[in-house]
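Colleague: Give me a 3D structure for the following:
(chains A, B and C)
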Amino acid sequence: MDFTFLMQLLINGLVVGSIYALVATGFVIIFKSSSALNLAQGEFLMVGAYICLYLVLQHKVPFIAAFVITMLFSALLGIVIERTTLRPLLGSPVISVIMATLGLASVLRALLQIFFGVDTIPFPEIFPPEPVHIGPVPVSIGYLYSLCCVAVLLTALTAFFKYTKSGLAMRATASSRQTALSMGISVKKVFAMSWCIAAMVSAIGGILLGAIRGGVDMSLANMGLKVLPVVILGGMDSIAGAVLGGLIIGLLENLCGGYLDPLVGGGVKEVVPYIALVLILMVRPSGLLGSRRIERM
Amino acid sequence: MRERIALMIKADMGLFHSKKSLAATVSFLVCLMFVPVYGSSYVLDVVNRIGIAVIAALGLNILTGFTGLISLGNAAFMAIGAYSASWLAMRTGINFIFCIPVAGIITAALGMVVGIPSLRLRGLYLAMATLAAHFIVEFLAVHWESVTGGVAGLTISSPTVAGFALDSDRTVYYLIIPTAILSVLFVSNIFRTRVGRAFIAIRDQEMSAAVMGIDVFKYKLISFALSSFFAGVAGALMACQTRIITPENFPISIAIDSLAMIIIGGLCSVIGTIFGAVFLTALPEFLRLATTALAGSFPELIGKLASLKELVFGLLVILFLIFEPHGISAIWQRTKNRF
Amino acid sequence: MALSLNTQLSCHDIRLTFGGVTALDGVSFEVMDGEIFAIIGPNGAGKSSMLNCISGLYRPQQGEIKFDGLTIRDLPPHQRAKRGIARSFQNIALFRELSVIDNIMTGRHLSQRAGVISGGLFWGWAKCDEEHHRAVVEEIIESLGLQDIRRCAVGSLPYGRQKRVELARALAMEPRLLLLDEPMAGMNAAERDDMVGFILEANCRRKITVVMIEHDMGMVMDISDTVCVLDFGKRIALGSPEQIMNDPHVIKAYLGEDDGFF
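Modeller: Numbers count the residues shown, from 1 in each chain, chains lettered A, B, ... in the order given. So this is what the prediction gives:
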């Protein structure tokens, strides 16, 4: 029993953590290329979940097609947002950019509420409901799919950054905007691309999360803020760090939630990542894999 | 010659640039005195909330606008102020009025505790740390039941002044608005002296500020303490106004509202803070009036009011950032110069 | 001016590295009370790094810096300011949003006493204090000819004016040692002449020791008492302007090897 409980927590943690990792990757990509802190990441996630859901439920589009359309929509959304909101603010103080993404979060959330209402919408069953058994532990198939999906995506992203020209341009911009500019890289295009990728990976995260939870509502947006402890732990400018941080935070909050909730009466899951954030800031502000230079002014 | 310089110095130091603006301010304050006499309970409620918002946003502007340190923790500090004032009043039976400044001081002390680990780091780490502080405070507000009363919250007995209980919007007005006015005055004064200049210097050029002899860390900490003090006072006043406080009174959106107020009003401007607080507190009320008026033709609007508010709020923030980054205070300045 | 024989600032065997790059390599010199001391050298010689070590922005890995005989090596910048060290920056570092007068008022920070509470209450001694120090600042504004731009935001001023405001801000600290990093860079001839006048006045009338970095050789040789030449982080010469002008190392550093070109 105890062992099953532990395994259950570990698996939950891993799955949620992998989605954190995905969303955090989007966050880090934006931060690296344009040093903007995107606090609307959670809303991107929600947009993906809702659009996909809407297509499947209202228009009876098959899931795969709905998924593809959602991706296209998210990519477009990312580009439009970058073009209309972030680009005019290039060179503005940090506070302006943070505030703009908070404003953006409000706008996206409001639009979703206006179109879809505030009640939880059940997600159609994409994965078969019977769990598979790994040893004695029942694991839902959705979890496994989700894990695989995230693993594939992260590998694809890594390959993209390593082997494609655009990926190289993005890495170059991240390491020095000036130099990239002088080498003829269109930094504006890189910014747009980073928002585009961030919106897409978050949307995938949203769809997965919706499918796992079995429903979509406004609380999905909380994921956007949970990303912050993840990236602080992993290191603000490291994609590998985001992945590692995501998994650790996912495990940490599930384990703490599982074992401490009965002692203090719930809510531990929500607060543990932030306690971790504060501790990391005190001990090692650059995070596990972040570069040292980012922490000081 | 000497007199001319003395006159120039006097003009430089004055809070008002002309006799006219002094007169306008004084008459505005006189009008404020009569609001409770003529205003309805609804108007008073809105004005009281504006007063509280002014104090909270003023505190945030000291830190974020003037010192350049971004904080997402304003709601948490307001909560700390509200809870500590209420707890003190409940446990000791002290008149709530005296608990307000004490709550401010407690909040200032806790604010410094939050600030210390991140003040040596880059600006956005403070944003993160304060956000974390927000969620930790929220957790404590729900779970530390012996102090906060948990989800049920705390009920506050009304403060009394010379035997009069300040137990209605009309009476509590006389506590909130004077506090707001005094806070505005206090902060305006600070920015006429070396402390205020040190804050701005740190924001504009930290290295240069250090070379001028400004102890950067110390002044950042002072800024943090001052800012939390005002947030704490605002929270305590809010407890006074609502008379029952629960964790739901202080969601993260309150912190975001405060930030939006100083962005829309004008970072680094005391008068802008007032404009921003008035504007963003009154906005939902306008929207509500508008939707009620339009309800005949568009009945579905009523149900969407909350979403509509959020949409307008977000759009306003973004539009101001792009088209008027210096906020309403810049518009105000331009209009004033035209006359 | 007549030099006293007291050493005011002494730097001994300063070594500063950034990662693998050595910016300063065992530099030593002494600055006498009341002199004008120039540091010259090609670009990248470590001149600004030297000033940063003195004003506390960089902490050298090795070596000793003494001011008035006391070590200041481990003091943070604001403590050094308290001891009487002021400086200007190569790429102007004014407080952009503050007016000229408020910028210069920050120079009075250390002499003023108002705290948060007395400042917030203002009426009373904070006001007197403020009035007194503003009068001092007005005097500086007058002497540097900045009256016409008193209330302008410095961000909007032309370069030459900004340099002058920066000098005014440093002077407002009433320092004993003034570090100037290329005070005349990017100025036209008239502005340069004015600047030279201000520096000399600060040195003679206000009795401030000046350590400056400057590329204008004519000016350096005219007004400085001692010149120190750095090249690749090493001190290659130190002496009076006449000695420096005839020093073979200096000629080599500035003109390159004399054989090889032709």
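
Colleague: Please identify which helix or strand holds the closest residue to residue B:22 other than its chain neighbours.
Modeller: Leaving out its chain neighbours, the residue that sits closest to residue B:22 by Cβ to Cβ, 6 or more residues apart in numbering or on different chains is residue B:16, at 4.2 Å. Glycine gets a C-beta too; all of them are placed from N, C-alpha and C. If you go by DSSP states H and E, residue B:16 is not part of any helix or strand.

Colleague: Just read off the phi/psi values of residue B:16.
Modeller: phi -110, psi 140 (degrees, to the nearest 10).

Colleague: pLDDT value on residue C:258, please?
Modeller: Looking at residue C:258, its pLDDT reads 50.

Colleague: so how many other residues sit close to residue 82?
Modeller: You didn't pick a chain, so chain A it is. 22 (other Cβ atoms under 10 Å in any protein chain shown).

Colleague: Chain C is the one I meant
Modeller: Quick note: residue C:82 (other Cβ under 10 Å) scores 13 neighbours.

Colleague: Secondary structure element holding it?
Modeller: Short version, using DSSP H and E: residue C:82 is in helix C:77-83.

Colleague: Next SSE downstream of that helix?
Modeller: Next along from helix C:77-83, by DSSP H and E: strand C:85-87.

Colleague: Parallel or antiparallel, list what pairs with that following strand.
Modeller: Taking DSSP bridges as the criterion, strand C:85-87 sits next to strand C:177-181 (parallel) in its sheet.

Colleague: Please name every helix or strand in contact with the very next helix or strand once past the partner strand.
Modeller: Once strand C:177-181 ends, the next helix or strand along the chain (criterion: DSSP H and E) is helix C:189-204. Applying 3 or more Cβ pairs under 8 Å, 6 or more residues apart in numbering or on different chains; DSSP states H and E, one finds that helix C:189-204 contacts helix C:159-172, strand C:209-213, helix C:217-223.

Colleague: mind listing the strands for the stretch 1-150 of chain A?
Modeller: A:121-122, A:132-134, A:137-139 (DSSP state E, counting those that start in this stretch).

Colleague: Tell me which of those is the most buried.
Modeller: Highest mean neighbour count of those: strand A:137-139, a mean of 16 (counted as mean count of other Cβ atoms under 10 Å in any protein chain shown).

Colleague: now what about the helix or strand bottoming out on mean pLDDT in chain B, what contacts it?
Modeller: Taking mean pLDDT, DSSP states H and E as the measure, chain B has helix B:300-303 as its least confident helix or strand, at a mean of 76. For helix B:300-303, the external contacting residues (Cβ atoms under 8 Å, 6 or more residues apart in numbering or on different chains) are B:291, B:292, B:294, B:295, B:308.

Colleague: And the buried ones among the residues you listed, selectable in ChimeraX?
Modeller: ChimeraX command restricting the contacts of helix B:300-303 to the buried ones, with burial defined by 16 or more other Cβ atoms under 10 Å in any protein chain shown:
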select /B:291,308
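
Colleague: Tell me which residue is most central in chain B.
Modeller: residue B:56 (1.8 Å; Cα atoms, centre = their mean).

Colleague: Now for the closest residue to chain B within the stretch 151-262 of chain C: which residues touch it?
Modeller: Proximity of the stretch 151-262 of chain C to chain B (Cβ to the nearest Cβ) peaks at residue C:173, 6.8 Å away. By Cβ under 8 Å, 6+ apart, residue C:173 lies in contact with B:212, B:213, C:81, C:84, C:86, C:107, C:108, C:110, C:111.

Colleague: for residue C:207, same thing?
Modeller: With Cβ under 8 Å, 6+ apart, residue C:207 has these contacts: residue C:34.

Colleague: So it belongs to a helix, correct?
Modeller: No - under DSSP: H, G, I helix; E, B strand; the rest coil, residue C:207 sits outside any helix and is assigned coil.

Colleague: in stretch A:217-230, what's buried?
Modeller: By neighbour count on 16+ other Cβ under 10 Å, the buried set for stretch A:217-230 is A:217, A:218, A:220, A:221, A:223, A:224, A:225, A:226, A:227, A:228, A:229, A:230.

Colleague: now, which of these lie within helices?
Modeller: Mapping the buried residues of stretch A:217-230 onto helices (DSSP state H) picks out A:223, A:224, A:225, A:226, A:227, A:228, A:229, A:230.

Colleague: OK, contacts around the nearest residue to residue C:86 once chain neighbours are set aside?
Modeller: Nearest non-adjacent residue to residue C:86, counting by Cβ to Cβ, 6+ apart: residue C:175, 3.6 Å away. Residues in contact with residue C:175, defined by Cβ under 8 Å, 6+ apart, are C:81, C:84, C:85, C:86, C:208.
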